[in-house]
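J.: how does the following fold in three dimensions:
(chains A, B and C)
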Amino acid sequence: MGLTDLLFLALSAVAIVSGWRVFATDSMVRASFLLLLSFVAVGLIIVMLAAPYIGVATVFMMAVEMMVMALFMVMFMMNPAGLNPMMMVHQHRFSIAAGVLAFAGLTAAILFTSFPENSVDPSTPVVHDLGIELLGPSMLIFETAGVTLLATMIGSVILSSRSGRFGLADQGSKPPGLEPDGEPAGRQPEQGGGGHHHHH
Amino acid sequence: MAFLLPLLPILFAIAAAFVPGGEDGRQRLWLTGLAVAAMALTAFAAALGAGGGWAGHIAWHEPLGLTAALPPLAGAMAILVSLIALPVLAYAAFHEERRGLRRLVAILLVFVGGMELLVVAADFLTLLIGWELVGLCSYLLIAHQWRERENTASGLYAFLMTRFGDLGLFAAAMAVFAATGSFSYGGLAALEDTPAVVAGFGLLIAAASKSGQIPFAPWLFRAMAGPTSVSALLHAATMVAAGAFILLRLEPFLASMPGLPGTIIAVGAATAFSGGIVALLQTHAKRLLAASTSAHYGLMFVAVGAGYPGVAFLHLVAHAAFKALLFLAAGLAHEKTGSYDLSTMRLGRTLSLAGLLTLIGALSLAGVPPLGGGWTKEAVTTAAEHWSLWAAGAVILAGALSAAYAARFQLSAFGQAEEQDDEDEGETAPLWPQTRARQVEIGAMALLALFVLLTSLLWLPPVRSTLEELLQTALPQASVATLVLSLIGVGLGLLTGTMIARQYRTLGTEGAAAEAAHWLGLPALIDAAVTGPVLWLSRKAAKLDDKLIDGAVRLVALGGRGASWVMRQKGEAGAEGLVTQAIGIVGSLSRTTSRFGEWLTDGLVEGLALTVGQSGRDARRLQTGLSHHYYTIATLGAGAAIILLLSLS
Amino acid sequence: MTLATVLIVAAALIGIGLYGALSQQSFVMLMMGLELMLNGGLLAVIGLWANTMGGAPEGQLLAIIIMAVMAVDMAIGFALVTAVYRKRQADVTESLTTMKH
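T.: Here you go, the predicted structure:
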């Protein structure tokens, strides 16, 4: 049990526990920060696995992402700070069972598979190789990813724009009527805010 | 290459079918132009072919194939056919009535094509095709004005009679094929015994029927129902010539068969004699000429039988020219007077130019020197003399009769009218024809008269010797005695004819002479001997069929009825009991199965329906609209897929 | 730090993420669960790359793709959440029932 192993165990423990705690806390903002912690731990493990670029990129990316998520928490959730204890879950038992089953199944698969042995040489310039690969043989993938991200950006801007499909989005935009000044066409959804189901 | 000769007229026939049917004059001009061009081209091609010795071969499939060849006689015949057809077709385009004119000219051209095919044939198969084709065209042309019932009946009569004679040709072709394995003419020389007899007499029967010889002569009379140009071309110069032609073409073979030449001479002489008598007694212009045609073809048969095919051919040439001319004249006379009755014609004044041209033809028919017909008739006499004196005597007699009816025809048709009223004095028609139609008709007749005059050159020995070389045949030397005898005969005949025309104008219209005028009762004989018995036989056969076969069927029905009556009496009781029992069993069976069976089948079906409906309703409940439920379903599905993949691999 | 342990850690993360995705009512929490699952996947990829691929760059490439997928997922997800909130003031999954039969 060298230092690396210890470090690895510690980091993995952090990752798993914080991951679990994400769904167990009351405060939403804390949940996002706990997720960030989990991601940072995983990123550090990756750095230890001799993929420095990926690890560091993960940390950077997740940091910003969790900031955004916290922002959204504050925007949309009724209890961002967790001042009142509540636990908004549904189909709880089934979800636990699903999670446990998934873990068990995957572990069984891992333990009973024989993986080939081909460790990465510590001296290989992995980042350099990644760069060459990205801008060389795998340029197409890179570009596709880029285009996909562009589409995503455009899509997200459009989806969340203020001017909705038939009018301003804040006013709960409705489609026009079939005759002028008539009832709005289409099926009328049930009005009212989001259901506040409290399961304790 | 030789197949070009039949092909050219047929192509022009197709073109003639598409001539625009606009105004009368233009259509006639078009058709005349087409026909004249066709015949001129064909004549030219035939001349080239005869000179160049063309041959043709179309292979269908070994050993069947069509061969064509143009030996000198065939080449000369090919030229003759087209040259005679030229003026006749021009005449047809202007003389015949407008309705159906295109069809007439087209079929005439097809007929010329078929005749050319017959002439250039070098084997029996090609010959048969040409033979049948001309027979078919003859039927179509005789029945040209089909709207009158009797025309089609006459056409059918002619067709059936010639077709019956064609059986001889079929038999000959089959005999040749069976004996030698091919249809070629050359195979004829190799025949012996039965095949040779079959071939020879078959050929004779076919030729006799085609040329209107005894006993097939009546069809030629019935064929006169067709238009005048048809009679002129087919039944004087060309189609009936096929019979004589095939005999003279195959003469070397025919001469080698014992008994055949004598039969040919007998047939020919009999026809010449009886034809002459019938022609003398006829007052119908076209029928007179038809009987004369049979008679002269009889003379050709005599020449062939005697062993001089060249003589027969030359007589064919001369006869074609003057007979066609005479028929055209008869057509003109019909147009002028509306009927063919010779006793009412006397058109010498009104159709003076036509009468003059016809005189040339009539003189040639009579056999008066120095016209061509005279020389050829003398040659036939000489040829017959080489065979036997009796034959020569028969020919001389036939020649006298020919002269007689020629004189009667000419004087009755174009003689001076006896009653000359003073009012008729001023009605002399102008000499030169006025209308275009009349011009073309007279022009055609003039051309034919020119041909007749050309045949007169036969009297000159140099011409004869060149012809001998060209045609590669031998022409007999005339003996003075026969020449004198026949000239006396001709003179007597002319006198008789003139007398009948002047004094006994109505000879042949009533009484025994009228009976004899219809081929000496031959049609009646045919009716009694052939058609009557055949019809009687067919009626009897129909009655027999009715009685016998129907009777058998009725007997079966009767027997069945009786058997059912017997069975009903005997088995009524027993049968009823059986039936009742059977009913009882079946009823109980059906009752039990119905309850259970119904329950089972209904249950199955309805149960299935209920299950499906319920499962549908249950499946609908999955659709909650809530995304976490859908995630659950997706997770379960993913798990199931992974398990499936794992179990499969 | 054998391959097996790395992969087991990744499996644990995936399990927790699945639990979160299936059980959370709020949209944002649900998306956090998805993020965790992708996180576990990323770790597994890098672990396998480090131990069985011998440094071939395609492994890292897959990791980058996973990160891109995460980003896309988040972006579209939050855009949709915003739109739904504008329309119906809804922030939990139970409120979207218009697709119910």
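J.: low-confidence ranges, chain B, go.
T.: B:63, B:349, B:416-431, B:433, B:510-511, B:515, B:573 (pLDDT under 70).
J.: what does it have sitting close to chain A?
T.: B:628, B:632, B:635, B:639, B:642 (CB under 8 Å from any CB of the partner chain). To be clear about C-beta, it is placed using only N, CA and C from the backbone, and glycine gets the same treatment.
J.: out of the residues you listed, which are buried?
T.: B:628, B:632, B:635 (16 or more other CB atoms under 10 Å in any protein chain shown).
J.: go ahead and confirm the first one touches C:Thr93.
T.: It refers to B:His628. Yes: shown here, B:His628 and C:Thr93 form a contact pair, counting by CB atoms under 8 Å, at 5.1 Å.
J.: need the residues touching each of those two.
T.: Common contact partners of B:His628 and C:Thr93 (CB atoms under 8 Å, 6 or more residues apart in numbering or on different chains): A:90, C:25, C:30.
J.: still on that earlier bit, among the residues of chain B next to chain A, which lie within strands?
T.: Using DSSP state E, no member of the residues of chain B next to chain A falls in strands.
J.: if we can go back for a sec, which of the buried ones among the residues of chain B next to chain A lies closest to A:Leu111?
T.: B:Thr635 (22.4 Å; CB to CB).
J.: list the contacts of that closest one.
T.: B:Thr635 touches A:98, C:18, C:22, counting by CB under 8 Å, 6+ apart.
J.: buried stuff in the one helix or strand A:Met66 maps to?
T.: For A:Met66, the host element (DSSP states H and E) is helix A:52-76. For helix A:52-76, burial by neighbour count (16+ other CB under 10 Å) applies to A:53-55, A:57-59, A:61-62, A:65-66, A:69-70, A:72-73, A:76.
J.: who touches it?
T.: A:28-29, A:31-33, A:35-36, A:39-40, A:42-49, A:80, A:126-127, A:130, C:27-28, C:31-32, C:35, C:42, C:46, C:60, C:63-64, C:67, C:70-71, C:74, C:78, C:81, C:85, C:91.
J.: try it again at 6 Å.
T.: A:28-29, A:32, A:35-36, A:39-40, A:43, A:46-47, A:80, A:127, C:28, C:60, C:63, C:78, C:85, C:91 (CB atoms under 6 Å, 6 or more residues apart in numbering or on different chains).
J.: cool, and stretch B:313-333?
T.: The contact list for stretch B:313-333 (CB under 6 Å, 6+ apart) reads B:73, B:80, B:84, B:88, B:91, B:95, B:228, B:231-232, B:236-237, B:241, B:244, B:248, B:285-286, B:289, B:296, B:300, B:345, B:347, B:354, B:358, B:361, B:364-365, B:372-373, B:376, B:380, B:413, B:445, B:448-449, B:451-452, B:455.
J.: buried ones among these?
T.: B:73, B:80, B:84, B:88, B:91, B:95, B:228, B:231-232, B:236-237, B:241, B:244, B:248, B:285-286, B:289, B:296, B:300, B:345, B:347, B:354, B:358, B:361, B:364-365, B:372-373, B:376, B:380, B:413, B:445, B:448-449, B:451-452, B:455.
J.: those in helices, which ones?
T.: Counted as lying in helices by DSSP state H, out of the buried ones among the contacts of stretch B:313-333, are B:73, B:80, B:84, B:88, B:91, B:95, B:228, B:231-232, B:241, B:244, B:248, B:285-286, B:289, B:296, B:300, B:354, B:358, B:361, B:364-365, B:372-373, B:376, B:380, B:413, B:445, B:448-449, B:451-452, B:455.
J.: verify the stated contact: B:Thr162 with B:Ser211.
T.: No: distance between B:Thr162 and B:Ser211: 9.8 Å, which falls outside the contact criterion (CB atoms under 6 Å).
J.: so between those two, which is more surrounded?
T.: More crowded of B:Thr162 and B:Ser211, by other CB atoms under 10 Å in any protein chain shown: B:Ser211, with 31 against 28.
J.: OK, contacts around the residue nearest to that one when sequence neighbours are not counted?
T.: What sits nearest to B:Ser211 in space, not counting adjacent residues and going by CB to CB, 6 or more residues apart in numbering or on different chains, is B:Gly243, at 3.3 Å. Going by CB under 6 Å, 6+ apart, B:Gly243 touches B:207, B:210-211.
J.: any figure for the gap between B:Gly243 and B:Val267?
T.: Note on B:Gly243: its distance to B:Val267, by CB to CB, to the nearest Å, is 11 Å.
J.: also A:Leu71?
T.: Taking CB to CB, one finds A:Leu71 at 130 Å from B:Val267.
J.: so what's B:Ala303 closest to, chain neighbours aside?
T.: Closest to B:Ala303 by CB to CB, 6+ apart is B:Ala312, at 3.9 Å.
J.: so that neighbour touches B:Leu247, yeah?
T.: No: with contact defined as CB under 6 Å, B:Ala312 does not count as touching B:Leu247 (7.5 Å).
J.: using CSV, list the CA coordinates for stretch B:616-634.
T.: Output in CSV follows, covering the C-alpha atoms of stretch B:616-634 (Å, rounded to 0.1, in the frame of the first residue of the first chain):
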residue,chain,number,x,y,z
GLY,B,616,-54.2,-2.7,-24.2
ARG,B,617,-55.8,-0.9,-21.4
ASP,B,618,-53.0,-1.9,-19.1
ALA,B,619,-50.4,-0.8,-21.6
ARG,B,620,-52.1,2.5,-21.8
ARG,B,621,-51.6,3.1,-18.1
LEU,B,622,-47.9,3.2,-18.7
GLN,B,623,-48.4,6.5,-20.4
THR,B,624,-48.4,8.7,-17.4
GLY,B,625,-46.8,11.7,-18.8
LEU,B,626,-44.3,11.9,-16.0
SER,B,627,-40.7,11.8,-16.9
HIS,B,628,-39.5,9.9,-13.9
HIS,B,629,-41.8,7.0,-14.8
TYR,B,630,-40.3,7.0,-18.2
TYR,B,631,-36.8,7.0,-16.8
THR,B,632,-37.8,4.0,-14.8
ILE,B,633,-39.1,2.2,-17.8
ALA,B,634,-35.9,3.1,-19.6
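J.: more neighbours, B:Ala312 and B:Leu247?
T.: Neighbours were counted for B:Ala312 and for B:Leu247 using other CB under 10 Å; B:Ala312 has more, 30 against 27.
J.: OK, contacts around the more buried one?
T.: So B:Ala312 contacts B:248, B:300, B:303-304 (CB under 6 Å, 6+ apart).
J.: again, but for A:Ala50
T.: A:120, C:50.
J.: can you confirm it is in a helix?
T.: No: with DSSP: H, G, I helix; E, B strand; the rest coil as the criterion, A:Ala50 is located in coil rather than a helix.
J.: just to revisit the earlier point, quick one: common contacting residues for B:Ala312 and B:Leu247?
T.: With CB under 6 Å, 6+ apart, B:Ala312 and B:Leu247 have common neighbours B:Val304.
J.: still on that earlier bit, from the buried residues of helix A:52-76, which two are the most distant?
T.: A:Tyr53 and A:Phe76 (34.0 Å).
J.: which stretches of chain C have low pLDDT?
T.: Using pLDDT under 70, nothing in chain C is flagged.
J.: get me the contact residues on it for chain B.
T.: C:22, C:93, C:97, C:99-101 (CB under 6 Å from any CB of the partner chain).
J.: quick check: the two most widely separated of those residues?
T.: C:Leu22 and C:His101 (21.7 Å).
J.: more neighbours: these two, which one.
T.: C:Leu22 (25 against 9).
J.: what's the span of stretch B:110-130 from first residue to last?
T.: Using CA to CA, to the nearest Å, the span of stretch B:110-130 from its first residue to its last is 11 Å.
J.: which element follows the helix or strand hosting A:Gly105 toward the C-terminus?
T.: Using DSSP H and E, A:Gly105 falls within helix A:92-112. Next along the chain after helix A:92-112, taking DSSP H and E as the criterion, comes helix A:126-135.
J.: that next one: how far from the chain's middle?
T.: 26 Å (CA atoms, centre = their mean, to the nearest Å).
J.: still on that earlier bit, so which bits of whichever helix or strand the residue nearest to B:Ala303 is part of are buried?
T.: Using DSSP H and E, B:Ala312 sits within helix B:309-337. Neighbour counts over helix B:309-337 (16+ other CB under 10 Å) mark B:309-334, B:337 as buried.
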